[in-house]
Structures are given as structure tokens and as C-alpha cells.
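Asker: Below are the sequence and a predicted model for it; my questions follow.
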Amino acid sequence: MKDKGAIFDMDGLLFDTECIYQQTWQEIAKERRVKLENGFVKAISGSNGQHMRRVVEQYYHVLDGTDIIDECMERIRNKLALHVPVKKGVHEILDFFQKQGIPMAVASSSDTNQIESNLKKAGIWAYFSAVVSGTQVKHGKPEPDIFLCAAEQIGCKPEACFVFEDSENGIKAGYAAGCMTIMVPDLIEASPAIRPYCSKICTDLLQAEQEIRKMLVRSI
């Protein structure tokens, strides 16, 4: 088991924050008198960088989405400074990996300061050997860069790493990196199209922990 690794997304996976992001996107859209069309939630979830900017430009009908993204992130920071809601099963699965001696990383599209702030506020910072932000890699999700970087930082081969994600963009990134992808859907159910990219699909991290136990036993 010592060659295994575990890489976690953050928003919508460790923390129940994806709904806060979506509420904030909607707030800004309303202020700009824009109606976000169907497909926005799926398109924006788990994204960052150029991909996020393209999504914002498409759905907000602007030539440059930078100002909208900056405004959204600033509002999110203010909201999360007050409270970071932890998802069901987080402590249990982190305890399990820690007891097995399996190194863990967070690979999130959020910026580094926000990731560190959330992890510390939630009291789970000490579990992780590495933190990788989407701002640290050339290409964000759904490209594999962030998971390849995280695997390297915890000293594991990508194919030996479990990747936990709630978004389809994240699952595609983990799959492209060659990792074992575990999807725990948050706001959007797993579509038939994403299922071939998933090693497992679980309802929450408690179920994910049980599935990982089975997978590790079979690998012994």
C-alpha cells in the first residue's frame, strides 16, 4: 500500500462549497441582467484558467470574462471567511488513508491561499502532504496537469493514485492523468457519458471509503 496515493478535489468534494459558487455566479448574472442558460453549472464546475474564462464569456455574453471571474472569487473569499461547510465522510476517509500510511494531496482549481484557508479553517490541513492549485499549472481541468503535478509532489506514480472528484471536468482530468478516478457527484449526477471515465461512482465519501477498502484488499 505504500506506493499508493490519494488526491482530492476541494469544492463540492471535501467542502459543500460548490453551491456557494453557483449562488455567486447567479448573483452576478442577475446584477448584469443575464440569464445563465442550461449547461452553465456543468460547464463551469471544476474549471479554472482559460477554460473557465471561455465558459464565462460564453454564458455571460462578454468578450473578456476576467472581471466577472475576479468579482466572483472575491465574493467567495468573503463568504468562506465566515464558514467552510465540510462534506459527509471527509474525516473518516482522511483518517483511513492516514492510518494506512497513504500520502494525500489536494488538487483544486481554487487559488493556493483559498485552498490553505479552507483546509485550516476546517481543521484538516495536517492530513495533506501537498497542495496544488490550478493557478500553478499551465492547463487547468479537464486537462491532466494538476493531477500529474500532485502525484509527483506526493512521490507516487499517477496510475497508483486515487483521484476523488465531484465534477465531470475533474474526472476527465484524473482519467487523462492515468489515475484511478472515484466520482462523488455533488450538484450534478454522473451522466452516462462520464461513467466510462470512472473507476467508481459513490454517493458520498463514506461509501467511497468502503469501496477503497475493497480495492486495496483485492490488490494485496
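Answerer: Received it, and whenever you're ready, just let me know what you need.

Asker: can you pull the buried residues of stretch 67-80?
Answerer: Across stretch 67-80, burial judged by 16 or more other C-beta atoms under 10 Å covers 68-69, 72-73, 75-76, 80. Just so you know, the C-beta spots here come from the backbone N, C-alpha and C atoms, and that holds for glycine as well.

Asker: ok, residues contacting the helix or strand T24 falls within?
Answerer: Using DSSP states H and E, T24 maps to helix 18-31. With C-beta atoms under 8 Å, 6 or more residues apart in numbering as the test, helix 18-31 has contacts from 11-12, 35-36, 40-41, 44-45, 60, 68, 71-72, 75-76, 79-80, 166-167, 186-187.

Asker: Show me where the protein dips below the pLDDT cut-off.
Answerer: 1-2, 219-220 (pLDDT under 70).

Asker: Just the strands from it, written as ranges.
Answerer: In the chain, the strands defined using DSSP state E lie at 5-8, 104-108, 130-133, 161-165, 180-183, 200-201.

Asker: Nearest to I194, out of these?
Answerer: When the strands of the chain are compared by C-beta to C-beta, strand 180-183 sits nearest I194, at 7.1 Å.

Asker: what's the neighbour count on A130?
Answerer: Neighbour count for A130, taken as other C-beta atoms under 10 Å: 18.

Asker: beta partners of it?
Answerer: Bridge pairing for A130 (DSSP bridges) gives the partners A105.

Asker: and it, how far is that from P142?
Answerer: Plainly put, A130 is 21 Å away from P142 if you go by C-beta to C-beta, to the nearest Å.

Asker: how close does the most far-flung residue of the chain relative to its centre get to P103?
Answerer: Residue farthest from the centre of the chain, counting by C-alpha atoms, centre = their mean, is R33 at 29.3 Å. Applying C-beta to C-beta, the value for R33 to P103 is 48 Å.

Asker: Same check on V62?
Answerer: 41 Å.

Asker: Show me which of the two is the more surrounded one.
Answerer: Between V62 and P103, counting by other C-beta under 10 Å, P103 is the more crowded of the two (21 against 15).

Asker: I'd guessed that one sits against A6; true?
Answerer: Yes: P103 lies in contact with A6 (C-beta atoms under 8 Å); the separation is 7.5 Å.
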